[in-house]
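Visitor: turn this into a model:
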Amino acid sequence: MLRESLPQWDYVLAAYAVMVLAMAAMIAWSWLAMRRAEKRRDAVKRR
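Guide: Model (predicted):
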């Protein structure tokens, strides 16, 4: 039997991979934004 479509699990695994990468990028972006905000806060406190 010849199947022309991909099994659904390929799509499920691809969706999970995209979600994991997007979540890791969002966590890194949030962490960097927090660090920048802390540096700005410290600079204002020192004045």
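Visitor: CA atoms for contacts and neighbours, from now on please.
Guide: Fine.
Visitor: can you list the low-confidence ranges for the chain?
Guide: The model of the chain has pLDDT under 70 over residues 1-3, 6.
Visitor: how about the helices in it?
Guide: Counting by DSSP state H, the segments of the chain that form helices are 8-46.
Visitor: now for Lys45, how many residues are close by?
Guide: Lys45 has 8 neighbours, counted by other CA atoms under 10 Å.
Visitor: next up, the contacts around Val18.
Guide: If you count contacts by CA atoms under 8 Å, 6 or more residues apart in numbering, Val18 has none.
Visitor: how close does it sit to Arg36?
Guide: 27 Å (CA to CA, to the nearest Å).
Visitor: same question for Arg46.
Guide: Distance of Arg46 to Arg36, computed by CA to CA: 16 Å.
Visitor: settle it for me: which of these two has more neighbours?
Guide: More neighbours surround Arg36 than the other of Arg46 and Arg36, with 12 against 6 (other CA under 10 Å).
Visitor: distance of the more buried one from Trp29?
Guide: For Arg36, the distance to Trp29 (CA to CA) stands at 11 Å.
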